[in-house]
Structures are given as structure tokens and as C-alpha cells.
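S.K.: would you be able to build a 3D model of this:
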Amino acid sequence: MHNQTTLIRSADENEIIFVLRDEVARTNGGELRRHLLDNVRRTRRLIVDCGGADARDTSILACLVEALHLARCLGVEFQLSRVSGEIQRIFDLFRLRPLFPVVDQAA
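M.R.: Numbers count the residues shown, from 1 in each chain. From the prediction side, this is the model:
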């Protein structure tokens with residue numbers, strides 16, 4: 001499914017892969033937040049692909065923290081993939097790295 005804010009690939013109804021795109025976060029962080037939280041509510045497992053995310057955009061970080069909190073409240077498995085070294089350093093700076101499970105790393 002392709003919409004204005006994200007590309008979502010569903011392997012099945014129990015898993016959604018939510019692909020962050022940097023240009024969307026910069027232009028419409030509110031819409032990104034809404035779509036991310038909506039998808040947390042729709043699945044049992046959400047993987048957020050951070051390959052297109054800009055580590056300098058703190059609105060993405062705020063969206064991820066809020067989505068993680070909602071996922072934990074709902075019992076949804078929440079994971080990140082393709083987390084760049086730059087994003088990992090931001091997570092370290094805010095002491096967030098231990099909170100976010102990562103299924104694979106960016107090269």
C-alpha cells in the first residue's frame with residue numbers, strides 16, 4: 001500500500017513493515033505520526049524500516065518513542081530495521097538504544 005506518508009508492506013495480517021521516508025517527515029510530521037500510530041493499532045507486529053530516515057529530524061525520534069509506548073500498551077511487538085549508525089548515535093545520546101529492538105542493521 002502506498003500513500004502520502006509511507007510505504008507499508010504487509011507480509012500477512014499479523015505483521016506490517018512501515019517504511020520511513022525522510023521527505024515525508026520533513027514536510028508533514030503530523031501525518032507521519034498518525035499513520036505510524038494507526039498501524040501500531042492494526043497489527044500484532046510492526047517493523048519500522050528506518051533506512052529512509054534522517055537522523056537530524058527529531059520529529060521522527062518523537063514518533064518512534066510514542067509508537068513504542070503505544071505498542072507496549074497494546075501488546076504489539078515493535079521493532080526497528082535498517083537503523084543507520086547516525087540514528088544509533090542519536091539513540092545513544094538520549095539513552096534510547098536499549099528500548100528499541102532492532103531486527104537488522106544498516107550496512
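S.K.: nearest to the spatial middle of the chain, which residue is it?
M.R.: V48 (3.7 Å; CA atoms, centre = their mean).
S.K.: for stretch 88-100, buried residues please.
M.R.: 88, 90-91, 96, 100 (16 or more other CB atoms under 10 Å). Where you see a C-beta, it was placed from the backbone N, CA and C, and this is true even at glycine.
S.K.: so which of those residues sit within strands?
M.R.: Per DSSP state E, strands hold no members of these.
S.K.: quick check, nearest of those to F18?
M.R.: F100 (13.7 Å; CB to CB).
S.K.: I'd like to know how far the nearest residue to G75 once chain neighbours are set aside sits from C63.
M.R.: Nearest residue to G75 in three dimensions, chain neighbours excluded: R44, at 8.0 Å (CB to CB, 6 or more residues apart in numbering). The gap separating R44 from C63 is 20 Å, by CB to CB, to the nearest Å.
S.K.: mind listing the helices in the chain by residue range?
M.R.: With DSSP state H as the criterion, the chain has helices at 22-27, 29-41, 58-74, 85-93.
S.K.: can you show me the CA trace of the second one as PDB?
M.R.: Same thing as helix 29-41. Written as PDB, here are the backbone C-alpha positions of helix 29-41 (Å, rounded to 0.1, in the frame of the first residue of the first chain):
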ATOM      1  CA  GLY A  29       5.400  15.100  10.700                       C
ATOM      2  CA  GLY A  30       1.800  15.100  12.000                       C
ATOM      3  CA  GLU A  31       0.700  12.800   9.200                       C
ATOM      4  CA  LEU A  32       3.600  10.500   9.700                       C
ATOM      5  CA  ARG A  33       2.700  10.300  13.400                       C
ATOM      6  CA  ARG A  34      -0.900   9.500  12.700                       C
ATOM      7  CA  HIS A  35      -0.100   6.800  10.100                       C
ATOM      8  CA  LEU A  36       2.500   5.200  12.400                       C
ATOM      9  CA  LEU A  37       0.200   5.000  15.400                       C
ATOM     10  CA  ASP A  38      -2.700   3.800  13.200                       C
ATOM     11  CA  ASN A  39      -0.500   0.900  12.000                       C
ATOM     12  CA  VAL A  40       0.500   0.000  15.600                       C
ATOM     13  CA  ARG A  41      -3.200  -0.500  16.300                       C
END
